[in-house]
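**Q** Quick one: sequence plus predicted model below, questions after.
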Amino acid sequence: MSKVVTGRMTHRHEGELVVFHIGMQINRWWRPDLWMPAFFAMPRMLRELSIDPDSGMLGYHLLFGAGGPYVVQYWSSVDKLYAYASSPNQEHRPAWTAFNRAARKAPGAVGVWHETFRVDTAESVYVSTKPMGLPKATELVEVGKRHDRAQARFADGRTEATKSEPAQ
């Protein structure tokens with residue numbers, strides 16, 4: 001289990017950064033035969049991506065929303081994300097095919113959604129939390145005095161601001 005990192009922390013990352021949200025909305029909870037296959041497909045995909053350092057996935061965070069589970073993923077490039085999604089030799093493509101087949105048999109029972117963001121500038125702060133989010137996916141660094149306020153971190157482009165700033 002991760003330990004709490006005390007203090008004010010942020011992230012450091014160089015290069016392209018992609019944030020990908022993907023989730024499912026369970027519209028018929030009483031029909032696990034319709035939503036369980038999609039529910040159990042995601043852990044297989046995350047495991048596959050996590051053990052492949054060349055996959056492009058930097059990290060992820062599992063969450064539960066009002067409609068069902070979703071995952072925030074951090075990627076090193078849009079190209080790697082799309083390459084994974086379309087690869088017939090990896091977990092996503094067969095899971096997507098199976099989902100579509102099931103969705104045609106029971107329209108509206110389960111929904112899926114995703115949002116993709118290419119991030120030019122990202123600001124973050126984590127105070128006395130376990131490693132999570134951007135710092136867990138990239139690099140965890142202390143917030144320096146020059147970047148004590150969110151506005152300063154964002155203005156300097158948090159992905160670049162801590163390069164020359166030593167940890168405090």
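**A** All right, it came through fine.
**Q** Quick test: name the residue nearest the centre of this protein.
**A** In the chain, the centroid-proximal residue (C-alpha atoms, centre = their mean) is residue 73; its distance is 1.4 Å.
**Q** Am I right that that residue is in contact with residue 62?
**A** No - using C-beta atoms under 8 Å, residue 73 is not in contact with residue 62, being 10.0 Å away. Yep, even glycine has a C-beta here, placed from its N, CA and C like the rest.
**Q** Quick one: name whatever helix or strand follows the helix ranked longest in the chain.
**A** In the chain, with assignment by DSSP state H, the single longest helix is helix 32-50. Under the assignment DSSP states H and E, the closest C-terminal helix or strand after helix 32-50 is strand 57-64.
**Q** quick one: average pLDDT of that next one?
**A** Throughout strand 57-64, pLDDT has a mean value of 95.
**Q** for the following helix or strand past that strand, packing partners?
**A** Moving toward the C-terminus from strand 57-64, the next helix or strand (DSSP H and E) is strand 69-75. Counting by 3 or more C-beta pairs under 8 Å, 6 or more residues apart in numbering; DSSP states H and E, the packing neighbours recorded for strand 69-75 are strand 18-26, helix 32-50, strand 57-64, helix 133-137.
**Q** Which positions within the first one qualify as buried?
**A** So that's strand 18-26. Across strand 18-26, burial judged by 16 or more other C-beta atoms under 10 Å covers 18, 19, 20, 22, 23, 24, 25, 26.
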